[in-house]
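Student: A structural model of the following input is requested.
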Amino acid sequence: VLSVVDTSLGLMIGGTLGILGTIYSLFILLPTLAVAVRRLHDINKSGWYIGAFYIFMIVYLIIVKLNFNNQNIASGSTVFMPLILPLLMLAYSIYLLVLLVRSGDKGSNTYGPDPYGADDLQIEDHLV
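Tutor: The predicted model follows:
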C-alpha cells in the first residue's frame, strides 16, 4: 500500500525506493526482531539465530557491492558469490521459518517459564 502511495505522491528515490515504505520498514524492524527472538526463546533456542541471519545478509550485501565495484576479482569468487551464498541464505531462511513456526516447549526452559503456564496447567489437570 505504501509503495502505491509513494509512487502516486512522487516520493520515490531512484525510481525503486519509496520514502514512506522505508520509514515504515525501519519503524517495525525492532518489534519484528523482538517477536522473532521471543519465539526462538520459547523453543529454547538463542536469539542469535536471527542475528546470524542478518549478519550473514549484511556481509553478503557488502561482498556483492565490492564485487560490482571491483571487477578484477578472480572468476572463482564471482561464481561463488551470486550462486552459492544466496542458496545458503535461502536454506537458512527455511530453517529459521521451521524454527519460528514450531510450538513452544512445554514447561520452563533456559530462557524462563512457559508463557502459557504449562506448569500451572498440569497442576490444574491433576486437580480436576
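
Student: How about the contacts made by the residue nearest the centre of the chain?
Tutor: By CA atoms, centre = their mean, the chain has its centre lying nearest to Ile50, at 5.4 Å. Shown in contact with Ile50 (CB atoms under 8 Å, 6 or more residues apart in numbering): 33, 36-37, 40, 96. The way it works is simple: take the backbone N, C-alpha and C, and place the C-beta from them, glycine included.

Student: Among those residues, which lie within strands?
Tutor: Among these, no member falls in strands (DSSP state E).

Student: Let me know the closest of those residues to Leu87.
Tutor: Leu96 (15.0 Å; CB to CB).

Student: so the residue nearest to the centre of the chain is in which element?
Tutor: Taking DSSP states H and E as the definition, Ile50 sits inside helix 48-69.

Student: hmm, back to that, Ser3 versus the residue nearest to the centre of the chain, what's the distance?
Tutor: Ile50 sits 25 Å away from Ser3, going by CB to CB, to the nearest Å.

Student: which residues in this structure form helices?
Tutor: Applying DSSP state H to the chain gives helices spanning 2-9, 19-42, 48-69, 75-101, 118-127.

Student: Those helices: which one's closest to Thr110?
Tutor: Checking the helices of the chain against Thr110 by CB to CB gives helix 19-42 as the closest, at 8.2 Å.

Student: That closest one vs helix 2-9, what angle?
Tutor: Counting by axes from the mean of the first three to the mean of the last three CA atoms, to 10 degrees, helix 19-42 lies at 170 degrees to helix 2-9.

Student: tell me which helix or strand of this structure sits lowest on mean pLDDT?
Tutor: Sorting the helices and strands of the chain by mean pLDDT, DSSP states H and E puts helix 118-127 at the bottom, at a mean of 52.

Student: Buried subset of the contacts of Ile50 as a ChimeraX selection?
Tutor: A single ChimeraX command selects the buried members of the contacts of Ile50 (16 or more other CB atoms under 10 Å):
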select :36,37,40,96
